[in-house]
Every structure is written in C-alpha cells, then in structure tokens.
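Enquirer: got a sequence here, can you model it:
(one chain, ligands or ions: 1)
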Amino acid sequence: MKRELVIVLDFGGQYNQLVARRVRESNVYCEIYSYRTDIETIKSKNPKGIILTGGPNSCYLEDSPTYSRELFELGIPVLGLCYGAQLMMHVLGGKVERAAVREYGKTDVMVDQSSKLFENVSEKTVCWMSHFDYISQVAPGFAITAHTADCPVAAAENADRNLYAIQFHPEVLHTQEGTKMLYNFVRGVCGCAGEWRMDSFVESSIQEIREKVGDGKVLLALSGGVDSSVAAALLSKAIGTQLTCVFVDHGLLRKDEGDEVEAIFGPRGNFDLNFVRVNAQQRYYDKLAGVTEPENKRKIIGEEFIRVFEEEAKKIGAVDFLAQGTIYPDVVESGLGGESAVIKSHHNVGGLPDFVDFKEIIEPLRDLFKDEVRKAGLELGLPAELVFRQPFPGPGLGVRIIGEVTAEKVRIVQDADAIYREEIAKAGMDQDINQYFAALTNMRSVGVMGDERTYDYAVALRAVKTVDFMTAEAAEIPFEVLQKVMSRIINEVKGVNRVFYDLTSKPPGTIEFE
Ligand code: XMP
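Expert: Down below sits the predicted model:
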C-alpha cells in the first residue's frame, strides 16, 4: 500500500514528536526528518505536506538552522510552527525581531475563520505561546490571519501557494483547538484522505512480512512488555510457526507475570508460534548473590540475558531474521530521524544482533508511536491488561530491590507490589498514574507484631505522574488508599514491618530506585 506522507522537518524544538503524533491522530502518516535533510531527499519521498517545527534559535542569526527558499516553491503545502513560522517569513522576505517581552503560556488568540486552517475553530481560542522573537512583518503575498493582544502576527498565510505560518503551538494540549488546526492542514489543505489506521496497518504489515520472510525462520526475544508482545502477535498472524519466541524468565518479573506471558503466547494461548520459555531464575539469583552496586547489578542482568538467549538461539540454529520490537521513538531518539540528541540510555536488549546467527533484522513496529502500538495490539487480539501495561524496566525487580537480590527479597517485593497494584486498580486510579510499583528498601528496623518484636524490611511505594518519563512528580494518592495498602502488605507479606510512600519527584530522584 502506498502511504500518504506528511514530513515533519525538525528544527530542534521540544515538541517535535508531539507534532508527528497529532498528525497521525488525523489518520495521516508522517515521519520526522532533521532540517539538514536535503531537498532532493524530501522530494523523493513525495510528501503531501511539510510541517516545520519549533526550535530554540533565532532565525535571523547567522548560524541558526535554516532551509532554502526552494522548499516553499515545490508546490507542496507547508505549515510553519513557531520557529518554523518565523523562518518561513524570514526566508520569504518578511521580518522577524526580538520582542520586548516574551509571550509565554495560555493566550487568547483571535482568528480569521475564513482561513482554511481555522475552519470550525472559535473566533477567540486559547493557544499555547512560547516565543521571544516575533514576526513584525509578514512576507510579501501573505495575509495575517490571527493575532493576540501582544502579538500582531499569531498566524499568516499565502493561501494561493498553500503556505501557512502559526506562531503558537497547535500540538500541545493547552492549545484547545490545536488538533483541529492540524487536521485542517493535513486533511483540508494537503488533501490527505486519512487512510492511516491501525486495522489497515495490521493488514498491510502482515502482507509485507509474508513477502519479506517467504518461508524463512524468524527469532524474537519476547519480554512480555507491550512492544515485543505486539511484534510477536503481528509476526505470528503473518507467518505462524515460522516464528520462534524465546521468553527468558529471569526471576525478576512481577508476580505471576511469567505464567501470564505463557498463557497468552504458549501452546494453550491464542497465537500460532513456537514458544520457548526459559526458566532461568536460579541462574540469575546465583549470579547476583553478594552484588550490591546498582550498575553492576544491571550489567550482570543484561549480560546474563544475552548468554541465556545465545544458548537458546544455538539450539534453534541459524535463522533468517531476528525480529525486534523497535518503535518509532526509539528510531528518533537514537538519532536516526529528527534533530534530537541521543537521549535514550535504557535498552532492554542491548547488543542482541551480534551473536545470533541471522541474516537480517526485521522490525515490524518501527514506524509506530506507543499509542499506535497499543491500538495495533488490540486489533491483533491481545488482552487490554497487556496492551495498557505500565512500563517495566528491562532489569525488572533487580532495580527495585536495593542492595543484594535474593529469592526471598524477590518474593517480598512481588507480593507487596501485587497488593499495591490491586488496591490502586480497586480505587480506580490505575489510569491516572503513569507508573506505580512497590520497591524493597535494604533497611530493616524494629517493630512489634502481636506481642512479638520484629526486625523486618521496609517496603517503599512509588507512584508518579509523568508525560515523558524524563521528569516526574509523585502522584497524590488518597490517604485511605495508602493506609489500606500498608495494612495489607504488613499483614499479608511476611518479612515486612514498615511501609513508606516516596514523595520524591524526578529530578532529583529517578523513577526506579537503582
Ligand atoms: P528512571 O528510573 O531512569 O526511569 O527515572 C525512567 C523510565 O525508564 C524505565 N527504566 C528502564 N526501562 N530498561 C528499560 O527498558 C531499563 O534498564 C530501565 N531503567 C529504567 C523506568 O521504569 C521508567 O519508566
């Protein structure tokens, strides 16, 4: 299927992935490229529209990111956002200057509703502004289509040439009608039909995978997380038992998780594939005995995973393809698309491709954002509990047990965590908190239970609200809920006599404990 494509040209702003996600919410496929991408490459992709993102620079300075005038002469609709809007004006002969005051925050914007961009948008609408520079004069041929009290040009356009510029950020949720504006651009101005839907993605991916794989063999490391599970489901629908999934139970999973993964993907599950479960729990506990330093623990867990996987791969023999659950943010964040620096430091399965005997990598989810991966998962018949699972780190409970990991400590943290999750769900809060879990501190203290003195561990409860997991705030959980969790943990989990709630935000804390 030939996809309609909109290109998001990244000028280094912080919301660039968000722009792409919002475009996709209008059922239009888009990809992010750096502003350094040359014009021939852009033309070769045959985009239906181009969106220039915001960015931290001033477009009139010598070394600032820019683009040649040719981009605006291709006959392809262009929408500039914030820096992108200023750049469009600057390159086409308008004027951009430093304002006396920065316009920042939610701002009333008065729009000209006869503009295609503002069709069905209220005449006065709240938008998110964040800029120092402003457009003091639009380029020749442009008309002003929106303004605010402080900003004479909040939007401008040359409708004949399909060039649109907006000073605010339609991609952030604070811009109340922003999604409508982006919809108006990609569907109305660019004329995209809106064929990017997860049901058609699943269907066309199945075809593509079949064509690519032929009668070859595919190997996938299945962690039970959302991405590798959706990849497994998709590959299974496409090629059935030509797929082998290796699931390593490292003994650091949440309570009953290994069995849950097996119930879905194992022989009694709903998917046609070869499922290999490796029960490597003891092997991990042996390796981790006496190790307390967090980075060492992480390293051992990662290396041991590779070793176990390698052994299983050897048993299976040479395969044609190694499948991975890479998703679009991984691609962008590893510096392959967009302008963002390499910020991803967490890898579930680092270095896998080096040691398995395979010919090619296959990454069926490479084009999808997380919310699209989830939708595809539901399309493929995966249970909602799995599809909407909160993030779980690759090293698992290993980073939620401070200090040495032992089987006994794993049991304690698994049981406490299961109670915590159950009570949060009962309180109807599981969708409001982005990540929550119990961790085991390495602290033991004196308590009293019945008439007995105890000397037991303290469990820490963590719950955070976050958008990007780079920063986070502790979630506000009603005291009664916390109390209930505390009392259940102390009564039901042997070895615990104290429960703490972690109030720390990130920074300075991290979300995980190690
Ligand atoms: P931190 O603890 O760095 O975590 O604030 C941020 C987010 O990343 C997850 N995390 C990991 N995910 N492998 C992963 O796949 C890892 O090694 C890892 N360490 C942390 C963490 O759960 C949180 O969502």
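Enquirer: and the contacts of the helix or strand that contains residue 372?
Expert: Here residue 372 sits within helix 370-379, counting by DSSP states H and E. Residues from elsewhere that reach helix 370-379, judged by CB atoms under 8 Å, 6 or more residues apart in numbering: 21, 24, 198-199, 201-202, 226-227, 229-230, 233-234, 327, 329, 365, 368, 384, 386-388. (Glycine included, C-beta is placed from N, CA and C.)
Enquirer: in helices, which of these appear?
Expert: Secondary structure from DSSP state H places 21, 24, 198-199, 201-202, 226-227, 229-230, 233-234, 329, 384, 386-387 of these in helices.
Enquirer: flag the shaky bits of the stretch 1-150 of the chain, pLDDT-wise.
Expert: The stretch 1-150 of the chain contains residues with pLDDT under 70 at 1-2.
Enquirer: show me where it has its strands.
Expert: Secondary structure of the stretch 1-150 of the chain by DSSP state E, counting those that start in this stretch: the strands cover 5-10, 29-34, 49-52, 78-81, 95-111, 124-137, 143-147.
Enquirer: nearest to the ligand, out of the ones you listed?
Expert: strand 29-34 (21.6 Å; CB to the nearest ligand atom).
Enquirer: which elements pack onto that closest one?
Expert: If you count contacts as 3 or more CB pairs under 8 Å, 6 or more residues apart in numbering; DSSP states H and E, strand 29-34 packs onto strand 5-10, helix 16-25.
Enquirer: what about 10 Å?
Expert: Strand 29-34 is packed against strand 5-10, helix 16-25, strand 49-52, helix 328-333, with contacts defined by 3 or more CB pairs under 10 Å, 6 or more residues apart in numbering; DSSP states H and E.
Enquirer: can you tell me if the last one touches the ligand.
Expert: No - interface with the ligand: helix 328-333 contributes nothing (CB under 6 Å from any ligand atom), its closest point being 10.5 Å away.
Enquirer: need the CA coordinates for that helix. CSV is fine.
Expert: C-alpha atoms of helix 328-333 as CSV (Å, rounded to 0.1, in the frame of the first residue of the first chain):
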residue,chain,number,x,y,z
TYR,A,328,9.4,5.0,16.2
PRO,A,329,10.5,7.0,19.3
ASP,A,330,13.5,4.5,19.6
VAL,A,331,14.3,5.4,16.0
VAL,A,332,14.0,9.1,16.5
GLU,A,333,15.8,9.1,19.9
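Enquirer: following that helix, which helix or strand shows up next?
Expert: That would be, after helix 328-333 and using DSSP H and E, strand 360-362.
Enquirer: so what touches that following strand?
Expert: 208-209, 212-213, 216, 218-220, 231, 235, 319-324, 326, 352-353 (CB atoms under 10 Å, 6 or more residues apart in numbering).
Enquirer: and the helix holding residue 372, what's buried?
Expert: For helix 370-379, the neighbour count (16 or more other CB atoms under 10 Å) marks 372, 373, 374, 375, 376, 377, 379 as buried.
Enquirer: deepest-packed of the strands of the stretch 1-150 of the chain, please.
Expert: Comparing these by mean neighbour count (mean count of other CB atoms under 10 Å), strand 78-81 ranks first with a mean of 29.
Enquirer: contacting residues for residue 185?
Expert: With CB under 10 Å, 6+ apart, residue 185 has these contacts: 6, 23, 26, 28, 49, 51, 77-79, 116-117, 162, 164, 166, 170, 192.
Enquirer: repeat the analysis, applying 7 Å as the threshold.
Expert: 49, 79, 117, 164 (CB atoms under 7 Å, 6 or more residues apart in numbering).
Enquirer: which residues does residue 452 bridge with?
Expert: Counting by DSSP bridges, residue 452 forms beta bridges with residue 449.
Enquirer: how many neighbours does it have?
Expert: 7 (other CB atoms under 10 Å).
Enquirer: also residue 69?
Expert: Neighbour tally, residue 69, other CB under 10 Å: 10.
Enquirer: that one contacts residue 91, correct?
Expert: Yes - counting by CB atoms under 7 Å, residue 91 is a contact partner of residue 69 at 5.4 Å.
Enquirer: any of the contacts of strand 360-362 buried? List them.
Expert: Buried among the contacts of strand 360-362 (16+ other CB under 10 Å): 209, 212-213, 218-220, 231, 235, 319-324, 326, 352.
Enquirer: okay, now the unreliable bits of this protein?
Expert: For the chain, the ranges with pLDDT under 70 are 1-2, 335-354.
Enquirer: can you tell me which residue is spatially central in it?
Expert: With distances taken as CA atoms, centre = their mean, residue 370 lies nearest the centre of the chain, 4.9 Å away.
Enquirer: ok, now how distant is that one from residue 467?
Expert: Applying CB to CB, to the nearest Å, the value for residue 370 to residue 467 is 12 Å.
Enquirer: what's the answer for residue 93, then?
Expert: Distance, residue 93 to residue 467, using CB to CB: 38 Å.
Enquirer: which of those two has more residues huddled nearby?
Expert: residue 93 (13 against 10).
Enquirer: was I right to think the more buried one contacts residue 139?
Expert: Yes - using CB under 7 Å, residue 93 makes contact with residue 139 at a distance of 4.6 Å.
Enquirer: what comes up buried for stretch 431-445?
Expert: Those would be 433, 434, 435, 436, 437, 438, 439, 440, 441, for stretch 431-445 by 16+ other CB under 10 Å.
Enquirer: beta partners of residue 32?
Expert: Applying DSSP bridges, one finds that residue 32 bridges with residue 8.
Enquirer: these two touch, right, it and residue 331?
Expert: No - Residue 32 lies out of contact with residue 331 (CB under 7 Å); the separation is 8.9 Å.
Enquirer: quick one: the helices in the stretch 151-300 of the chain, in order.
Expert: 178-183, 198-213, 226-239, 257-265, 281-288, 294-316 (DSSP state H, counting those that start in this stretch).
Enquirer: angle of the fourth one against helix 281-288?
Expert: What separates the directions of helix 257-265 and helix 281-288 is an angle of 140 degrees, with axes from the mean of the first three to the mean of the last three CA atoms, to 10 degrees.
Enquirer: do the helix holding residue 372 and the ligand meet?
Expert: No - shown here: helix 370-379 not in contact with the ligand (CB under 6 Å from any ligand atom), separated by at least 11.8 Å.
Enquirer: could you give the angle of that helix to helix 226-239?
Expert: Using the same axes, to 10 degrees: helix 370-379 against helix 226-239 is 40 degrees.
Enquirer: pull the contacting residues for residue 246.
Expert: 219, 221, 222, 276, 278, 309, 312.
Enquirer: buried ones among the residues you listed?
Expert: By 16+ other CB under 10 Å, the contacts of residue 246 give 219, 221, 222, 276, 309, 312 as buried.
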